[in-house]
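[1] model the structure of this input:
(2 chains)
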Number of protein chains: 2
Amino acid sequence: MAQSLAPISATLQRSILELCFAGLPLLLLTLILQLQLQCGSSGITSPYRRRLQASEDLPVGSEFLRPPDLAGCGNAPEQVHITQGSVTADSMIVSWVTPSQPGSLAVTFGNETAKYSRTATGNITRYKYANYTSGYIHHVKLTNLEYATKYYYRLGDGECAREFWFVTPPKSGPDVAYTFGVIGDLGQTYDSLNTFQHYLNSSGQTVLYVGDLSYADHYPLGDNTRWDTWGRLVEPSTAYQPWIWTAGNHELDYRPEFSEVVPFKPYLHRYQTPHRSSKSTSQLWYSINRASAHIIVLSSYSAYGKYTPQWAWLQNDLQNINRKKTPWVIVLMHSPWYNSNMYHYMEGETMRVQFEAWLVQYRVDIVFAGHVHAYERSHRVSNIEYNVVNGQCSPSRNESAPVYITVGDGGNIEGLAGNFTQPQPNYSAYREASFGHAMLEIKNRTHAFYYWHRNQDGEAVKSDSAWLTNRYFES
Amino acid sequence: MAQSLAPISATLQRSILELCFAGLPLLLLTLILQLQLQCGSSGITSPYRRRLQASEDLPVGSEFLRPPDLAGCGNAPEQVHITQGSVTADSMIVSWVTPSQPGSLAVTFGNETAKYSRTATGNITRYKYANYTSGYIHHVKLTNLEYATKYYYRLGDGECAREFWFVTPPKSGPDVAYTFGVIGDLGQTYDSLNTFQHYLNSSGQTVLYVGDLSYADHYPLGDNTRWDTWGRLVEPSTAYQPWIWTAGNHELDYRPEFSEVVPFKPYLHRYQTPHRSSKSTSQLWYSINRASAHIIVLSSYSAYGKYTPQWAWLQNDLQNINRKKTPWVIVLMHSPWYNSNMYHYMEGETMRVQFEAWLVQYRVDIVFAGHVHAYERSHRVSNIEYNVVNGQCSPSRNESAPVYITVGDGGNIEGLAGNFTQPQPNYSAYREASFGHAMLEIKNRTHAFYYWHRNQDGEAVKSDSAWLTNRYFES
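    Numbers count the residues shown, from 1 in each chain, chains lettered A, B, ... in the order given. Coordinates of the predicted model:
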């Protein structure tokens, strides 16, 4: 099965999966899926119409945005978030903010049998932005972690101490099952909260975050206290499982009108990434191996022309993927290359022109993007034949190409993008203007089950799904 | 007359010009040119075949690369270069290097009647690159200069002092005649020397330099002493007239293999630009007004995606051009958008996709680029109708579009790019694989005479030329 599929009912998909894992030969699965493929793969524009009004940001005093209230403590660690600490998953970067004092630089941690037996220390950074001065932003790397192990960790001093835990993934291998959540453009509205809470109730083990975090830049002077409130909003997940960060346009915070001219300043201070471990020279592009996936993060708002650092890095990274260890290659970026919404239409073209041929050449499985506040999934297509004079510039089906998925529908203050181009282009498999999040369940080296959850009246409703077969082992 | 022209003989062009300036109505000129346009505008691939072997770099000890030899002086200012110091041409940045001591920070200067009556001071910078440590790099801005005035200036102390001069242009106005030279990819070979000396003998008043200066990165560890030798090679021009700098890929000097990971480090230390004056936040993109021209410099190797600093700056700059003051809008970049050489083919596509529609919308007159080591001139074309699904991706004639000229043929160590795509595409008016330089003689608000000089057996031979009419006043 070599093509993304028209949606089938979630029940049928689950039944197929259960049959498959009950030991029935994969042949049966393949036959059913091919039959379905032949029956129809034209695009679907969901008839579901959600209200298009943006919901408001949660008030600063909301229970979801408040700092922790620890008796006797005036400097509790807050906005705790963790992310993978190196290319391999045997380290973790733990980050947090203390508001009024530096506090302890240390993280104590350990596994179930020796909970706080080890100590790691890191560094503190601060920054100013317009009239805002940040708290003390801590980054500590925990190294030499064992795989598939639950770790407990503690931050802060005395009565300010707080405790959390995380589970490391199995060591990378071709058949390691793993479940990723995919969230983008979350913001901090009531809709954001819906999306976030739905994800909290999911089976996701790690979040692939495709950019646009806090939308602090929506406020006068890019009010960076809204970076703090966002860090608190998501802590119930980010403190317990890694979020793999991608920078979006709302991370640029480039505002010459009030002399803020260093792109990505707040983001780079707050969200570390393990870029050096993958030979990147910028926090904004890097890669990691996690379970059976090689995850590449790109920056839509940095240079990517030929010879530039991001260009040189991506070429090298793609050349060195070991598909026998990490069969699934997933690329994250903010601005989508294939998206048929009127909003932000074609904004990703310039990066597509530069990088698309490589992604096809190296048989990338999936590209997740955000930016457009609606959901869309493409067929496997490419548009790489163009040579300026041949007129060949139409996307066409390509079995070597990734599926492109836009999940910029976290639920931020800008509202939904409800206008799709008409008719639905051939490359588009499914599109719907609603808030939600996606999940990717990697089963083994050949199969992964992908689905997207709509937020409907506060409920998570599985609205689009597809079995994806691996481009290296099963294309 | 609204289209770039098939070449006519230089003699005929001169005759037309003289008639025109003798007072005959412009109508006559227009009729002749239109007649010529109808007669034929297909592209020409020059049959002239130059040897394709790259010539060698001049040896470090060459008389053209040696520091000045002043009796009794061990620290003479060298590599003197000047560039326009603000959007308006009433200031000049003077830069030089002292090898062993900081030396005087001052420039004394004045006009013919008060030669050294004023003093300006600036700052010194140094940098390390691999195993190299730069000399003391001075940058001093001379301000409040009068227009159309010859200024004398002096640098250095006592027996190390050196004297130079420059002429400020007339104040900007629609009919101010002015002659620009255009040079790219110069390097420091024997061919480079040819090109440079031909330019020295020209009537050029200012150089538009389209990137790739020293090719120091060709040497082990990016030997930065070759930045110094290049600065000495071009001093006979750069000390006496402004060169308007554009960064090319050979300015990136991004070499993670020896821990040099700050893009453009040597270039940014050595070549200042008046970027702040045009509201840019980077030395790599900016604009100036000079005589009747508004000159925009772009960076092919920085970010240009939507929302990025360069994108935001260019949009604002184009919106604020006063064509009644500076009718001629000229854009400089390194990587060309329209070029039919096999070498570097389509490398400029990604920036073209981002910016081309703006250049057509704002009726830019000419885009000069380098990068490809051959000469090419386009017809006025655009390719901005593409919407992913409509198949409209062929360049077509467009009277609002610029002429695209590639002059990456300064003569560097990489040699010529002799293989053109076949057949010559419709957008290409003239192409030839030879070293040389170009000249743009702006006559008034409606007409400019453009020509390209081939280096042939050491002689400068005018090989391609065209009358260009202004996109705002005469399109």
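
[2] in chain A, what residue lies closest to chain B?
    In chain A, the residue that lies nearest chain B is residue A:393 (3.7 Å; CB to the nearest CB). All C-beta spots, glycine's among them, are computed from the backbone N, C-alpha and C.

[3] for that residue, which non-adjacent residue is spatially closest?
    Leaving aside its chain neighbours, residue A:393 sits nearest to residue B:393 (3.7 Å; criterion: CB to CB, 6 or more residues apart in numbering or on different chains).

[4] the one you found: neighbouring residues, count only.
    Neighbourhood size, residue B:393 [other CB atoms under 10 Å in any protein chain shown]: 20.

[5] how about the residues of chain A by chain B?
    A:249, A:252, A:254, A:256, A:261, A:263, A:279, A:281, A:300-309, A:312, A:335, A:345-347, A:349-351, A:353-354, A:383, A:386-389, A:391, A:393-395, A:421, A:425-426 (CB under 8 Å from any CB of the partner chain).

[6] which of those residues fall within helices?
    Within those, residues falling in helices by DSSP state H are A:309, A:312, A:349-351, A:353-354.

[7] closest to residue B:367 among those residues?
    residue A:350 (17.1 Å; CB to CB).

[8] hang on, the earlier thing: didn't the residue of chain A closest to chain B look like it was pressed against residue B:389?
    No. With contact defined as CB atoms under 8 Å, residue A:393 does not reach residue B:389; the gap is 9.7 Å.

[9] which parts of stretch A:196-216 are buried?
    Across stretch A:196-216, burial judged by 16 or more other CB atoms under 10 Å in any protein chain shown covers A:196-199, A:202, A:204-216.

[10] among those residues, name the ones in helices.
    A:196-199.

[11] now tabulate those in a markdown table and tack on distance to residue A:121 and pLDDT.
    Below are these laid out as a markdown table (distance: CB to CB, whole Å; pLDDT from 0 to 100):
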| residue | distance to residue A:121 | pLDDT |
| --- | --- | --- |
| A:196 | 31 | 97 |
| A:197 | 34 | 97 |
| A:198 | 36 | 96 |
| A:199 | 31 | 97 |
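
[12] and of those residues, the nearest to residue B:103?
    residue A:196 (61.6 Å).

[13] count of neighbours near residue A:190?
    Neighbour number of residue A:190 under other CB under 10 Å is 15.

[14] OK, contacts around it?
    Applying CB atoms under 8 Å, 6 or more residues apart in numbering or on different chains to residue A:190 gives the contacts A:55-56, A:58, A:411.

[15] neighbour-wise, which of these leads?
    That'd be residue A:411 among those, by other CB under 10 Å, with 28 neighbours.

[16] name the element that residue belongs to?
    Residue A:411 is part of no helix or strand, with elements assigned from DSSP states H and E.

[17] residue A:317 too?
    helix A:309-319.

[18] what about that helix, average pLDDT?
    For helix A:309-319, mean pLDDT rounds to 98.

[19] likewise stretch A:81-92?
    Here the average pLDDT along stretch A:81-92 is 98.

[20] who's in contact with that stretch?
    With CB under 8 Å, 6+ apart, stretch A:81-92 has contacts from A:93-96, A:141-147, A:151, A:166, A:168-169, A:171-172, A:206, A:231, A:234-235, A:238-245, A:271-274, A:277-278, A:287-291.

[21] among those, which are in strands?
    Secondary structure from DSSP state E places A:93-96, A:141-142, A:151, A:166, A:206, A:243-244, A:287-290 of these in strands.

[22] among the residues you listed, who's most crowded?
    That'd be residue A:287 among these, by other CB under 10 Å, with 29 neighbours.

[23] and the strands in the stretch 301-450 of chain A, which stretches?
    For the stretch 301-450 of chain A, the strands defined by DSSP state E, counting those that start in this stretch occupy A:328-332, A:366-369, A:375-378, A:381-382, A:396-397, A:403-407, A:428-432, A:436-442, A:447-456.

[24] can you list these in TSV and add mean pLDDT?
    As requested, these are exported to TSV (pLDDT from 0 to 100):
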stretch	mean pLDDT
strand A:328-332	98
strand A:366-369	98
strand A:375-378	98
strand A:381-382	98
strand A:396-397	98
strand A:403-407	98
strand A:428-432	97
strand A:436-442	97
strand A:447-456	94
